[in-house]
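Asker: coords please:
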Amino acid sequence: MKENKKNNGKRSLALLISIVALFVFAGSLLAYFSDQVKGDAKITAGTLDIDGKYQLYDKDGNLLPSNTLTNFNPGDVIYVKATMKNYGTKSAWIRNGLTISGELTKITYGSPATPVVKVYEGEVKDFTQSGLTLLTFDPNGAYTSKIDKISGSVEIDGPSDEYSVVYTILFAPEAKNDAQDKAIDFTFITEALQLRNNNEGRLPTNAGWQNIETTSIKTP
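Answerer: Next comes the predicted model:
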C-alpha cells in the first residue's frame with residue numbers, strides 16, 4: 001500500500017495495515033451406534049487496503065511535474081486532486097486532511113488581516129460565486145474533512161469503492177511585495193477506519209482516528 005525558495009507540495013497517505021487471520025473450528029458428534037459426524041469451518045478476517053494518489057494541476061488543467069510549482073504568482077490558482085480506492089474487502093469510514101506550513105502562510109493583507117493563500121473545498125473556477133467553502137485551519141495549520149463511507153469488494157456500505165476530493169488553492173491577487181520569495185508546503189493525508197461494528201467511527205472524536213498506522217510518501 002500503499003508533493004524552492006520554491007513551493008513544494010507534499011503528500012502523504014494514511015493506510016490501515018491489512019490483516020489476514022485464520023481460525024479453524026472442528027466439532028464432532030458421537031451417535032449411539034458409533035457413527036461420527038464431523039464439521040470444519042474456516043474464517044478469514046477481512047482486509048482494508050486504501051491506496052491512491054495526490055496530484056497538482058495548474059489553472060489550465062495541466063499536471064504539475066513532481067507535484068511542485070516553482071513560480072507561484074499573485075492571482076494564480078492550482079488544484080489538488082486526491083483519488084483513493086479500497087482494494088480490500090471491508091467497507092470503511094474515510095476522511096481527508098490537509099496541513100499547510102511555511103513562510104507564505106504567515107503573510108496577510110488588508111484589515112482585518114486576510115491570508116494571501118486561500119484554500120477552498122472543491123474545484124473553483126469563479127471566485128465571485130456564492131456558496132464557496134473556504135477552509136478554516138486550526139492553530140497548527142491543519143484541516144480535516146467530513147467523514148464519508150467507502151465500500152470494499154465484499155462489504156458494500158458506501159456509494160462506491162472509490163473516494164476523491166479536490167481542493168482549490170488561490171494566491172490572492174492582493175498580495176504585496178512581502179509575499180515574494182516565500183514558500184508554502186502542503187501535506188495531504190487520507191485516513192480510513194473499519195465501518196462494520198464501528199458505528200462510532202462516523203464521529204471525529206472516535207479514539208480510532210488517533211491510532212491509525214500511517215505511511216507517508218513525499219515527492220522531491
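Asker: residues contacting the residue nearest the centre of the chain?
Answerer: What sits nearest the mean C-alpha location of the chain, by C-alpha atoms, centre = their mean, is residue 190, with 2.3 Å. Neighbouring residues of residue 190 by C-beta atoms under 8 Å, 6 or more residues apart in numbering: 13, 14, 50, 52, 82, 84, 94, 95, 96, 97, 163. From N, CA and C alone the C-beta is placed, and that goes for glycine too.
Asker: which SS state does it fall under?
Answerer: Under DSSP: H, G, I helix; E, B strand; the rest coil, residue 190 falls in the strand class.
Asker: swap in residue 164?
Answerer: Following three-state DSSP, residue 164 is assigned to strand.
Asker: what about it, distance to residue 83?
Answerer: Distance of residue 164 to residue 83, given as C-beta to C-beta, to the nearest Å: 5 Å.
Asker: One more: residue 186?
Answerer: Plainly put, residue 186 is 16 Å away from residue 83 if you go by C-beta to C-beta.
Asker: Repeat that for residue 53.
Answerer: Distance of residue 53 to residue 83, given as C-beta to C-beta: 6 Å.
Asker: Helix or strand with the lowest mean pLDDT in the chain?
Answerer: strand 12-13 (a mean of 32; mean pLDDT, DSSP states H and E).
Asker: quick one on the thing from earlier: wait, which of the contacts of residue 190 is closest to residue 63?
Answerer: residue 82 (13.9 Å; C-beta to C-beta).
Asker: who does that closest one bridge with?
Answerer: Beta-bridge pairing for residue 82 (DSSP bridges): residue 54, residue 165.
Asker: That one touches residue 53, doesn't it?
Answerer: Yes: Residue 82 lies in contact with residue 53 (C-beta atoms under 8 Å); the separation is 7.4 Å.
Asker: what helix or strand is residue 97 on?
Answerer: Here residue 97, judged by DSSP states H and E, is contained in strand 92-101.
Asker: strands paired with that strand, and their directions?
Answerer: Counting by DSSP bridges, the strands paired with strand 92-101 are strand 142-144 (antiparallel), strand 148-150 (antiparallel), strand 185-194 (antiparallel).
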